[in-house]
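S.K.: predicted model, plus sequence, below.
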Amino acid sequence: MKYSRLFGRTIKDVPSDATIASHKFLIQAGFIRESVAGRYFFLPLGQKVMDKFVKIVEEEMAAIDAQKMLIPILQPIELWQETNRDNSGGYELMTVQDRRGAMFTPGGTGEEMFTDVVRKFQISYKDLPIHIYQFGYKFRDELRSKGGLMRTREFLMKDSYIFTENNEQFEIEYKRIVDAYVKIFKRVGLDVEVVPADNGYFGGEYCHEFIIESETGEGKYFVSEDGKYIAHEDIALFKREDVNPEDKVVEFEIFEQPDHVRTMDDNVEFYKLPASRFLKNVVYKNRITGKLIIATIRGDLQVNKNKLEHVLDMVGLLEDATDEDLASFGSKSGYVHSWGYKDYDHVMFVGDTSLRTVKNFIGGQKEETTDSRNVNYGRDFEHEITADIALAEDGFLSEDGSKLIGKKGIEVGNTFNLGYFYSDKMKGARFTDNNGKDEKYYMGSFGIGMARTIATAIEVHNDENGMIWPESIAPYTVSLISIAKSESDESYIKAQELYSSLTEKGIEVLWDDRIETRPGEKFADADLIGIPHRVIVSSRSLENGGFEYKKRSESDSKVISEAEVMELLR
RNA sequence: CGGGGAGUAGUUCAAUUGGCUAGAAUGUACGCUUUGGGAGCGUGAGGUUGCAGGUUCGAGUCCUGUCUCCCCGACCA
């Protein structure tokens, strides 16, 4: 490709809202351009990268016997009603209606569609496992897109679905796919961590997120110091140690408390005791049923809403309670009790297991000027549900006692063990087993965010001058720069010859053939675009015996012959 | 959806208490000069100041409404 003919040039000024490296450089170098918020054009250079990444994914998918296909973009809403996902927390689901009144969703994900296509066939156990996938545009009605390609409202995803006989067969397939994913990311220069995570409204048994550690990441996860435990923040387990095992359990009492003691900080300050000695209540509301949930937890811990939702089987349904909600059972912010409210059917309690680690809590029944102390869980109050509903934090201990280290990362892919979630709900999602009986599929779904992965590769591989593409997904292999005054200059002709012979060999070259552009600008552009190999042809290089060669990632250059160039890039 | 900020040339930004023909840089077109790290000079094109009302002799500037975008949070394969 001659740079002079390329659509999508580099620009000097980049929109000031581009804060992260990948966003800034991809725009500046002419790989992408924003259409409206969260929707991007892929320009020719960006598309080249995408094409190469797609090819890598295809290769690795083929290697594990996955078959590529394509589903319609608009999915009938009836399918989503079948699995009850049309309103189960699928906040980002968009809908469109055609002239006949039929409702569709531009697919945010494809479980229903893929299950639907499979049930259109007579499937025998001999046909299993089935692994089918697509590269499909995903539409998510994100309230807020951000970070360039990191979080967009529509994006290309590789999504896979497997249909297996049973859990045993599933596990074998699952492992093959996890291994393939690790390989895929490795091939684009990314070391991925496979992190157990929350399966949200996808349902099913367990899932993993594929995370690249990065400061720009949105996802938080924990790794134990001994390296034996790793988990996403949403589900991370930790050890709750006894806070005051030496203390004697004493009698419950209600006592006067100055009314300036309101918050947890006030408590710590006033009583000169650690936050862990106090009771904390956090109130949530089920946004469908209106049920209010009071989560009771040790004062030093935070409630993990994801865990709570799973405990209550209200995935995606909880939101913060409002002042009106608190008033509905005669309470107010800062004065929610840890027990009682028996007259209110719409109120329920859930306790964290940490409640058992403290003797003689303070709190739990705060009125304007009184509170209670020496409160003991199990003696003075006890909830119907006691479960792990707490958020892990940096420095907490894993269950086997190793310190947890919090890390930030970018989620580039995920794998879900869906179990029978979809085959239970979708009528006819059955195969015939070896006894001739109908059986449900044991399913899984697997995704890779294509554009996000590309952006992540840049987050990991860049310097102050621009991007540094891994060779596997670089838009071109070689950046050829000719420094010439006219097309009849020797340097221009030599560049032309080299361009032809490299191209003939199938090596992709981006030749900066511009005559009127000064060398400095060409170098700056080449750095920005980040093609891994650079060859310069100029009168100076020719005097020195050939072509000046340099890697994008290195600062030293050397002059080599055409034969050596061909050898290096072969 | 809550809090904050911003909409002026392709882009980045100016425009004083409401006051002259809305400016500059950069980019772009043309000409000259120049050719190893975003050079220099000159000439030109490029604007319904997001949109709709209102106040005023006069509105980019003040008021009302509305739309869009950005940041923080909430939400979130």
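M.R.: Structure's in. What do you need?
S.K.: quick one: the helices in chain A?
M.R.: A:21-28, A:44-63, A:77-82, A:111-119, A:167-187, A:264-271, A:305-312, A:323-327, A:421-425, A:450-460, A:490-504, A:519-529, A:539-543, A:562-569 (DSSP state H).
S.K.: what residues of the second one count as buried?
M.R.: By neighbour count, and taking 16 or more other CB atoms under 10 Å as the criterion, the buried residues in helix A:44-63 are A:Leu45, A:Gly46, A:Lys48, A:Val49, A:Met50, A:Lys52, A:Phe53, A:Val54, A:Ile56, A:Val57, A:Glu60, A:Met61. (C-beta placed from N, C-alpha, C; glycine too.)
S.K.: just send those residues back as TSV, with pLDDT and distance to RNA strand B too.
M.R.: Output for those, formatted as TSV (pLDDT from 0 to 100; distance: CB to the nearest atom of the strand, whole Å):
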residue	pLDDT	distance to RNA strand B
A:Leu45	96	14
A:Gly46	95	17
A:Lys48	96	19
A:Val49	97	19
A:Met50	96	17
A:Lys52	97	21
A:Phe53	97	16
A:Val54	97	16
A:Ile56	98	18
A:Val57	98	13
A:Glu60	98	17
A:Met61	98	15
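S.K.: just to revisit the earlier point, to A:Glu215, which of the helices of chain A lies closest?
M.R.: helix A:450-460 (8.6 Å; CB to CB).
S.K.: which strands and helices lie in contact with that closest one?
M.R.: helix A:21-28, helix A:44-63, strand A:154-164, strand A:206-213, strand A:404-419 (3 or more CB pairs under 8 Å, 6 or more residues apart in numbering; DSSP states H and E).
S.K.: apply 7 Å and report the result again.
M.R.: Applying 3 or more CB pairs under 7 Å, 6 or more residues apart in numbering; DSSP states H and E, one finds that helix A:450-460 contacts helix A:21-28, helix A:44-63, strand A:154-164, strand A:404-419.
S.K.: what does the stretch 251-400 of chain A have sitting close to RNA strand B?
M.R.: Residues of the stretch 251-400 of chain A lying near RNA strand B by CB under 7 Å from any atom of the strand: A:Lys305, A:Gly316, A:Glu319, A:Asp320.
S.K.: ok, so of these, who is nearest A:Ala102?
M.R.: Nearest member of those to A:Ala102, counting by CB to CB, is A:Gly316, at 25.9 Å.
S.K.: so what's the nearest residue to A:Leu528 once chain neighbours are set aside up against?
M.R.: Nearest residue to A:Leu528, sequence neighbours excluded (CB to CB, 6 or more residues apart in numbering): A:Gly466, at 3.6 Å. By CB atoms under 7 Å, 6 or more residues apart in numbering, A:Gly466 lies in contact with A:Phe25, A:Ala29, A:Asp527, A:Leu528, A:Ile529, A:Gly530.
S.K.: what do you get for A:Glu193?
M.R.: A:Ile211, A:Glu213, A:Ile230, A:Gly409.
S.K.: roughly how far does it sit from A:Lys437?
M.R.: 41 Å (CB to CB, to the nearest Å).
S.K.: now A:Val117
M.R.: 23 Å.
S.K.: who has more neighbours out of those two?
M.R.: A:Val117 (14 against 9; other CB atoms under 10 Å).
S.K.: number of nearby residues for A:Ile536?
M.R.: So A:Ile536, with other CB under 10 Å, has 24 neighbours.
S.K.: excluding chain neighbours, give the residue nearest to it in space.
M.R.: Nearest one to A:Ile536, counting by CB to CB, 6+ apart, is A:Glu548 at 4.1 Å.
S.K.: list the contacts for A:Asn374?
M.R.: Contacts of A:Asn374 by CB under 7 Å, 6+ apart are A:Val250, A:Glu251, A:Phe252, A:Glu253, A:Asn360.
S.K.: all strands of the stretch 201-350 of chain A, in order?
M.R.: A:206-213, A:219-224, A:230-232, A:253-256, A:279-286, A:292-298, A:318-320, A:347-352 (DSSP state E, counting those that start in this stretch).
S.K.: that older thread, what about the residue nearest to A:Leu528, distance to A:Gly227?
M.R.: Applying CB to CB to A:Gly466 and A:Gly227 gives a distance of 35 Å.
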